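Participant: Requesting a structural model of the entry that follows:
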Amino acid sequence: MNESTQPLDRAAAEEYASWFRALADATRIQIVSLLARRRGPMSVGEVVAASGVGQSTVSHHLKILADVGFVLVERQGTSSLYRINEQCVGAFPTAADVVMGRPLPDARLCD
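Facilitator: Below you'll find the predicted structure:
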């Protein structure tokens, strides 16, 4: 079999699955959208005010997004500022790309 008829290797499939899981929640999609449109860092409080979602929920979702690399965290004293990781989000493959075997972006952009 040639390479184009083989499935993704397991490590790549697991990495992309973690990306899809991270975006499989409407609140996380809203947070990614907010940070991407803001084009600058935001505090948890600013995300809470803009999204209308509670602080603990926003913090939970930001952690998940940061764990996969979609969001970058800047520590400033006791506060944290969150911003979109444009390289990582730009590398996010669409479901069609994965299914159709199109060339995939490098998952290491999210490290």
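Participant: Next up, the contacts around the residue nearest the centre of the chain.
Facilitator: Taking Cα atoms, centre = their mean, the centroid of the chain lies closest to Phe70, which sits 2.9 Å from it. By Cβ atoms under 8 Å, 6 or more residues apart in numbering, the contact set of Phe70 is 19, 22-23, 32, 84-85, 88-89, 92, 110. No exception for glycine: its C-beta is placed from N, CA and C like everyone else's.
Participant: ok, and the most crowded of those residues?
Facilitator: Sorting those by how many neighbours each has (other Cβ atoms under 10 Å) puts Ile84 first, at 24 neighbours.
Participant: In which helix or strand does the nearest residue to that residue once chain neighbours are set aside reside?
Facilitator: What sits nearest to Ile84 in space, not counting adjacent residues and going by Cβ to Cβ, 6 or more residues apart in numbering, is Leu35, at 4.2 Å. Secondary structure from DSSP states H and E places Leu35 in helix 26-38.
Participant: What number of residues are in the vicinity of Ile31?
Facilitator: 25.
Participant: mind listing what it touches?
Facilitator: Under the criterion of Cβ under 8 Å, 6+ apart, the neighbours of Ile31 are 47, 51, 58, 61-62, 65, 71.
Participant: And stretch 15-34, what's buried?
Facilitator: Using 16 or more other Cβ atoms under 10 Å as the test for burial, stretch 15-34 gives 15-16, 18-19, 22-23, 28, 30-32, 34.
Participant: An error on my part: the question was meant for stretch 73-84.
Facilitator: When burial is assessed from 16+ other Cβ under 10 Å, stretch 73-84 yields the following buried residues: 80, 82-84.
Participant: what's the answer for stretch 34-51, then?
Facilitator: In stretch 34-51, counting by 16+ other Cβ under 10 Å, buried: 34-35, 41-42, 44, 46-48, 50-51.
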